[in-house]
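[1] Kindly return the folded structure for what I paste below:
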Amino acid sequence: MIAMALISRPALVIADEPTTALDVTTQAQILDLLKELKESLGTTLLFITHDLGVVAEIADNVIVMQDGDVVEAGPVKEIFHRPKDDYTKKLLTSLPGRWGDDGPGATTSPADEPVGEAPLLELRNLTMRFETVAGKLFGRRSKESVTAVNDVSLSIPQGKTIGIVGESGCGKTTLGRMVLRAYQPTAGEMLYRRADGDIVDLAKLSNRELLGYRRDIRMVFQDPYGSLNPRMTVQEVIAEPLVVVKVPKSEIRDRVHDVLRKVGLESSMAARYPHAFSGGQRQRISIARAVITSPRLVVADEAVSALDASVRTQVLELMGGLQEELDLTYLFISHDLSVVEQLCDEVAVMYFGEMVEHRPTAELFANPQHDYTRALLSAVPVSDPEERGTKKRIVYRRKQDATAT
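    Prediction:
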């Protein structure tokens, strides 16, 4: 897409959220490429984004807009360090690096960790292989096996937030779907501790046997626009999990209105359709749909990646509040390491389907042990334009890749 934009040697290139859906390593490569092309071709770049870390990394001047109006404009250092407008100050306060110790999802200190408690869910040597068919339409076709998750083990404690990070295609989402049992693992165990203390292996259960556990493990999806059925009212969207588990109709309406209030929406909104809501409100609806069954574990797959900075902070604060109120456990899948650092108690790093590192959050960010983790952290944009270019970039190459070259 960048090549298509530059083929005619334009004087101005408009880049509209070009890195929003990218992991940090790919994002860093794209930003480096854009900087290089801008300088070599003498092109002016109009960079539209909601990621303030990227703004600090690439912009010379910044324009801040709210409700269609320009509320502030100026050099990037001036905007970041001496903002004048209240909305600009609010945006900058929502930067993960400026949340402080009391920000959304502030992690639990080691002294508060429960000792000797059995995990809510323990994954043992999970593997997921997909069978694909290769070959020509009328020629000989061969089957190939793609290993998306390879021998992954992970312990998920009750009431904690476990982050799963890694670049696109590393197996994060596949692992999350295995936890939901949307995919049945090719091998391995998923040992779930029920409320009565009994342990059951979810990996071995049939679809019928899983019905009783569907309400315990729920998911919040990435896309707040595509994950809600536009033909259903908010009432119907949120109530659907209750209908599936045959909750009496007389209870459903009250439970939907109650959960709407819990996620910060008015109960009168239940009669509206998804198109009437903003992205942040839609994600609140998605969260309401996930927690209406009183789950014990929620898998949040890139749940805030499509939201702007201030709305993202609000949603993270909501998730933190619900975790305390409902005693939720989160499996938080994300490529935004700055959010993971603030929200998660522990972080697991995945690379090419394997878990290469899993440690408490503060330890992992302060002293990463695996070379890939170091490379991942080095690619995170610095959210201060005065520190631009001060972080050393690390490029990780697998041993087999290095050997092949």
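
[2] State the three-state secondary structure for Ala118.
    Local secondary structure at Ala118 is given as coil here, using DSSP: H, G, I helix; E, B strand; the rest coil.

[3] Can you mark which positions in the helix or strand hosting Ala288 are buried?
    With elements taken from DSSP states H and E, the one containing Ala288 is helix 279-291. By 16 or more other CB atoms under 10 Å, the buried positions in helix 279-291 come out as 279-291. Every C-beta, even on glycine, is put in place using the N, C-alpha and C of the backbone.

[4] now stretch 55-69
    For stretch 55-69, the neighbour count (16+ other CB under 10 Å) marks Val55, Ala56, Glu57, Ile58, Ala59, Val62, Val64 as buried.

[5] Kindly report the same for stretch 39-57.
    By neighbour count with 16+ other CB under 10 Å, stretch 39-57 contains the buried residues Thr43, Leu45, Phe47, Thr49, His50, Asp51, Leu52, Gly53, Val54, Val55, Ala56, Glu57.

[6] correct me, but Thr26 touches Glu167?
    Yes - the pair Thr26 and Glu167 passes the contact test of CB atoms under 8 Å, sitting 6.4 Å apart.

[7] the more surrounded of these two?
    More neighbours surround Glu167 than the other of Thr26 and Glu167, with 21 against 16 (other CB atoms under 10 Å).

[8] neighbours around the closest residue to the more buried one other than its chain neighbours, how many?
    If the residues on either side of it in the chain are set aside, Glu167 comes closest to Asp23, at 4.1 Å by CB to CB, 6 or more residues apart in numbering. By the measure other CB under 10 Å, the count of residues near Asp23 is 21.

[9] Torsion angles phi and psi at the closest residue to Ala309 other than its chain neighbours?
    With CB to CB, 6+ apart as the measure, Ser94 is the residue that lies nearest to Ala309, at 4.3 Å, once sequence neighbours are left out. In this entry, Ser94 is assigned phi and psi values of phi -80, psi -10 (degrees, to the nearest 10).

[10] if I look at Ser94, how far off is Gly321?
    Going from Ser94 to Gly321 by CB to CB, to the nearest Å gives 16 Å.

[11] Comparing these two, which residue is more hemmed in?
    Shown here are Ser94 and Gly321; by other CB under 10 Å, Ser94 has more neighbours (20 against 15).

[12] got the phi/psi numbers for the most centrally placed residue in the chain?
    Centroid-nearest residue in the chain, with CA atoms, centre = their mean: Glu302, separated by 2.2 Å. Backbone geometry at Glu302, expressed as degrees, to the nearest 10, gives phi 50, psi 50.

[13] picking up where we left off before, over the helix holding Ala288, what's the mean pLDDT, rounded is fine.
    Averaged across helix 279-291, pLDDT comes to 93.

[14] ok, now stretch 257-265?
    The predicted confidence, averaged over stretch 257-265, sits at 94.

[15] contact partners of it?
    Contact partners of stretch 257-265, identified using CB atoms under 8 Å, 6 or more residues apart in numbering, comprise 234, 238, 266-267, 269-270, 281, 284-285, 287-288, 291-292, 314, 318, 322, 325.

[16] The same query, at a cut-off of 7 Å, please.
    Residues outside stretch 257-265 that contact it (CB atoms under 7 Å, 6 or more residues apart in numbering): 238, 266-267, 269-270, 281, 284, 287-288, 291-292, 318, 322.

[17] Closest to Ala203 out of those residues?
    Nearest to Ala203 among the contacts of stretch 257-265, counting by CB to CB, is Val291 at 24.6 Å.

[18] residues touching the closest one, list them.
    Shown here is Val291, whose contacts under the criterion CB under 7 Å, 6+ apart are Arg218, Val259, Val298, Leu322, Leu326.

[19] and the second one, that's in a helix?
    Yes - the assignment for Val259, made by three-state DSSP, places it in a helix.

[20] and it, how many neighbours?
    Residues lying near Val259 (other CB under 10 Å) number 24.

[21] quick one: it from Leu322, how far?
    10 Å.

[22] Need the buried residues of stretch 55-69 in JSON lines (columns: pLDDT, distance to Leu180 and secondary structure).
    Listed next are these as JSON lines, based on pLDDT from 0 to 100; distance: CB to CB, whole Å; DSSP: H, G, I helix; E, B strand; the rest coil:
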{"residue": "Val55", "pLDDT": "91", "distance to Leu180": "35", "secondary structure": "helix"}
{"residue": "Ala56", "pLDDT": "89", "distance to Leu180": "36", "secondary structure": "helix"}
{"residue": "Glu57", "pLDDT": "88", "distance to Leu180": "35", "secondary structure": "helix"}
{"residue": "Ile58", "pLDDT": "90", "distance to Leu180": "37", "secondary structure": "helix"}
{"residue": "Ala59", "pLDDT": "92", "distance to Leu180": "39", "secondary structure": "coil"}
{"residue": "Val62", "pLDDT": "95", "distance to Leu180": "40", "secondary structure": "strand"}
{"residue": "Val64", "pLDDT": "95", "distance to Leu180": "39", "secondary structure": "strand"}
